[in-house]
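J.: sequence? don't have it. structure:
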Ligand SMILES: O=C[C@H](O)COP(=O)(O)O
């Protein structure tokens, strides 16, 4: 199985663990230490496959302290941010705070935020812009529901979300974004999209970036797949030429499983 994305594209694969609302700060410390130990034990090459953890807000300081203190090569990110920078917005978290905590990434527009908390395309666009104001790299989530998939409209649906979120970005900003294609029907369901399903939409995302900006910019943007990614299915997904990594939910809170996902290149049948 050819790992064509990382071999020919020059894009560094990214494996990002979205813990969602799991693990308090003590459990977070335990997981991060175990993950780091497991990856080092397997001689993980962090420059070849980047690894990020995206814990709940209340864990960020603890994880930052571990990363800094023990010089871990894990990257840190948050699961959401406010579209505003400061002020009377009870319960909100500013991108400025995340930047101060050493976050590199922030997830924007996850389908759970869109569906459960009513985030519209406009809110998602404002959050993408807020991320850039604070030098955070957005991991912009897009994806279709089962109904849309069944009607065969997944590509136009996802491109509509993408266009809305990219509105107003400079080419420089757009060139550094990370996009995660997460079909809603595959999230937390065990129902993984086929590698071909993932490739179809990830390729369409890249083609739209080329249309909006240029081919060189599009070729540099990392497009992840998310939805029931496990150690057992990651290598086949990563073999697709337009898939540059995974946004992993449930499997990312098991350090052995997540480490195995990060080491997909060493799986049986995958190129090293
Ligand atoms: O952000 C991660 C995705 O929602 C995927 O979650 P999952 O791996 O539990 O299906």
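T.: All right, it came through fine. The shown structure was predicted, so the numbers you read here are calculated from the model rather than taken from an experiment. Residues are numbered from 1 along each chain as shown.

J.: Beyond the one helix or strand in the chain whose mean pLDDT sits lowest, next helix or strand please.
T.: Using mean pLDDT, DSSP states H and E, helix 4-8 stands out as the lowest-scoring helix or strand of the chain, at a mean of 49. Following helix 4-8 in sequence order, the next helix or strand is strand 14-18 (DSSP states H and E).

J.: helices and strands around that following strand, which ones?
T.: strand 50-54, strand 178-181, strand 222-226, strand 245-248, helix 255-262 (3 or more CB pairs under 8 Å, 6 or more residues apart in numbering; DSSP states H and E). Any C-beta I mention is one placed from the backbone N, CA and C, and that applies to glycine too.

J.: Can you check the pLDDT for the residue in the chain sticking out farthest from the centre?
T.: Outermost residue of the chain with respect to the C-alpha centroid, by CA atoms, centre = their mean, is residue 88; its distance is 29.5 Å. For residue 88, the model assigns a pLDDT of 98.

J.: And what about it, helix, strand or coil?
T.: The three-state label given to residue 88 by DSSP: H, G, I helix; E, B strand; the rest coil is coil.

J.: Torsion angles phi and psi at residue 29?
T.: Per-residue torsions, residue 29: phi -60, psi -40 (degrees, to the nearest 10).

J.: How about the stretch 1-150 of the chain: which residue is closest to the ligand?
T.: Closest contact between the stretch 1-150 of the chain and the ligand, by CB to the nearest ligand atom, is at residue 18 (3.6 Å).

J.: before we move on, what about the chain?
T.: Counting by CB to the nearest ligand atom, the chain gets nearest the ligand through residue 249, at 2.3 Å.

J.: residue contacts, that residue?
T.: Applying CB atoms under 8 Å, 6 or more residues apart in numbering, we find residue 249 in contact with 18, 20, 187, 188, 226.

J.: Filter those residues down to the buried ones and hand me the PyMOL line.
T.: In PyMOL, this line selects whichever of those come out buried by 16 or more other CB atoms under 10 Å:
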select buried, resi 18+20+187+226
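
J.: Make CSV out of the contacts of residue 249 and add pLDDT.
T.: What follows is the contacts of residue 249, written out as CSV (pLDDT from 0 to 100):
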residue, pLDDT
18, 98
20, 98
187, 91
188, 87
226, 97
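
J.: closest to residue 44 among the contacts of residue 249?
T.: Nearest to residue 44 among the contacts of residue 249, counting by CB to CB, is residue 18 at 19.5 Å.

J.: Tell me what that closest one is bridged to.
T.: residue 54 (DSSP bridges).

J.: So residue 210 versus residue 34, what's the distance?
T.: For residue 210, the distance to residue 34 (CB to CB, to the nearest Å) stands at 41 Å.

J.: ok, now residue 166?
T.: Look at residue 166 and residue 34: by CB to CB, they are 37 Å apart.

J.: These two: who's more crowded?
T.: For residue 166 and residue 34, the more surrounded residue by other CB atoms under 10 Å is residue 166, and the numbers stand at 19 against 15.

J.: Show me which residues of the stretch 151-272 of the chain sit near the ligand.
T.: Residues of the stretch 151-272 of the chain lying near the ligand by CB under 6 Å from any ligand atom: 182, 187, 188, 226, 227, 228, 229, 247, 248, 249, 250, 251.

J.: ok, now which ones touch the first one?
T.: Taking CB under 8 Å, 6+ apart as the criterion, residue 182 is in contact with 110, 111, 141, 142, 143, 225, 226, 227, 247.

J.: which one of those residues has the most neighbours?
T.: Within the contacts of residue 182, residue 225 tops the neighbour count with 30 neighbours, counted by other CB under 10 Å.

J.: which residue sits closest to that one in space, ignoring its chain neighbours?
T.: residue 198 (4.4 Å; CB to CB, 6 or more residues apart in numbering).

J.: now check stretch 98-108, is it near the ligand?
T.: No - contact of stretch 98-108 with the ligand (CB under 6 Å from any ligand atom) is absent, the minimum separation being 7.0 Å.

J.: Please read the previous query as pertaining to stretch 126-138.
T.: No - Stretch 126-138 lies out of reach of the ligand by CB under 6 Å from any ligand atom, never closer than 13.6 Å.

J.: so how far is that stretch off the chain centroid?
T.: 15 Å (CA atoms, centre = their mean, to the nearest Å).
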